[in-house]
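Asks: Provided below are the primary sequence and the corresponding predicted coordinates.
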Amino acid sequence: MKVTEEVITFTEAALSQRFHTADVHRLLLRKYGIKSRTAQKCVARARQRILEKTLKSKSDHKIDALAFYDQILRNKEATVREKILAQERIDKLLGLESPARQDVQITQTDSFAIDDLGLPLEMRRQLLEAIRTKKLDQQGKVMELPAPAEPAAESAKDSTS
């Protein structure tokens with residue numbers, strides 16, 4: 001979908017009214033049928049426009065925000081909750097928050113037992129099958145792996161023995 005001037009203006013207005021980004025995405029979906037990826041682009045464009053209208057750079061805005069939150073921390077009449085929220089915002093502005101997600105890479109030299117992952121048996125089988133298939137594909141070999149046996153069929157055999 002092509003993003004129109006109307007959509008960007010609407011997004012700007014929503015952001016100016018302090019709507020959270022997720023709420024803006026929902027509004028764009030409901031009003032214009034815009035999906036998440038396009039909504040992200042709309043929000044980015046709207047933020048850029050807002051920034052241009054203020055005639056300040058991002059770093060100037062960051063300095064203003066830090067000064068504002070610092071005033072809250074120094075205010076003797078501010079509640080503990082207000083001070084905690086101000087400190088959280090300062091931490092976020094300075095990049096001191098811990099990441100919400102950590103990426104872990106396992107190198108070829110690392111080893112672990114699939115049993116240690118705590119996965120159900122069927123999921124472990126599927127994982128091993130995927131690993132074997134990938135290794136065979138990398139070697140240029142093709143091998144047919146047998147389909148996993150049905151658990152109900154195995155238990156029926158065991159009860160007849």
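Replies: Looks like it came in fine. Since the structure is predicted, the reported quantities are computational estimates derived from the model, not experimental observations.

Asks: domain ranges for the protein?
Replies: Per automatic domain parsing, the structural domains of the chain span 1-55, 56-95, 117-145.

Asks: which of the ones you listed is buried the deepest?
Replies: Each of those was scored by mean neighbour count; the highest is domain 1-55, a mean of 14, by mean count of other Cβ atoms under 10 Å. Using the backbone N, CA and C atoms, a C-beta is placed for each residue, glycine as well.

Asks: residue 19 reaches residue 25, doesn't it?
Replies: No. At 9.7 Å, residue 19 does not count as touching residue 25 under the criterion of Cβ atoms under 8 Å.

Asks: on that earlier part again, make a markdown table out of the domains of the chain and add mean pLDDT.
Replies: Formatted as a markdown table, the domains of the chain follow (pLDDT from 0 to 100):
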| stretch | mean pLDDT |
| --- | --- |
| domain 1-55 | 90 |
| domain 56-95 | 91 |
| domain 117-145 | 69 |
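
Asks: if I look at residue 9, how far off is residue 89?
Replies: Here residue 9 is placed at a distance of 28 Å from residue 89 (Cβ to Cβ, to the nearest Å).

Asks: check residue 124 too.
Replies: Using Cβ to Cβ, we find residue 124 at a distance of 44 Å from residue 89.

Asks: is it true that residue 49 touches residue 12?
Replies: Yes. Counting by Cβ under 8 Å, residue 49 sits close enough to residue 12 to count as a contact (5.8 Å).

Asks: helices along this protein, start to end?
Replies: In the chain, helices defined by DSSP state H lie at 5-16, 21-32, 36-54, 58-74, 80-93, 121-139, 151-160, listed in chain order.

Asks: got the CA positions of the third one in PDB?
Replies: So the one you mean is helix 36-54. The C-alpha coordinates for helix 36-54 follow below in PDB (Å, rounded to 0.1, in the frame of the first residue of the first chain):
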ATOM      1  CA  SER A  36       3.000  -3.600  10.900                       C
ATOM      2  CA  ARG A  37       5.900  -3.200   8.500                       C
ATOM      3  CA  THR A  38       4.400  -0.300   6.700                       C
ATOM      4  CA  ALA A  39       3.200   1.200  10.000                       C
ATOM      5  CA  GLN A  40       6.800   1.200  11.200                       C
ATOM      6  CA  LYS A  41       7.800   3.300   8.100                       C
ATOM      7  CA  CYS A  42       4.900   5.700   8.700                       C
ATOM      8  CA  VAL A  43       5.900   6.100  12.400                       C
ATOM      9  CA  ALA A  44       9.600   6.700  11.300                       C
ATOM     10  CA  ARG A  45       8.500   9.400   8.700                       C
ATOM     11  CA  ALA A  46       6.200  11.100  11.200                       C
ATOM     12  CA  ARG A  47       8.900  11.200  13.900                       C
ATOM     13  CA  GLN A  48      11.300  12.700  11.300                       C
ATOM     14  CA  ARG A  49       8.700  15.400  10.500                       C
ATOM     15  CA  ILE A  50       8.100  16.200  14.100                       C
ATOM     16  CA  LEU A  51      11.900  16.500  14.700                       C
ATOM     17  CA  GLU A  52      12.200  18.800  11.600                       C
ATOM     18  CA  LYS A  53       9.400  21.000  12.900                       C
ATOM     19  CA  THR A  54      11.100  21.600  16.200                       C
END
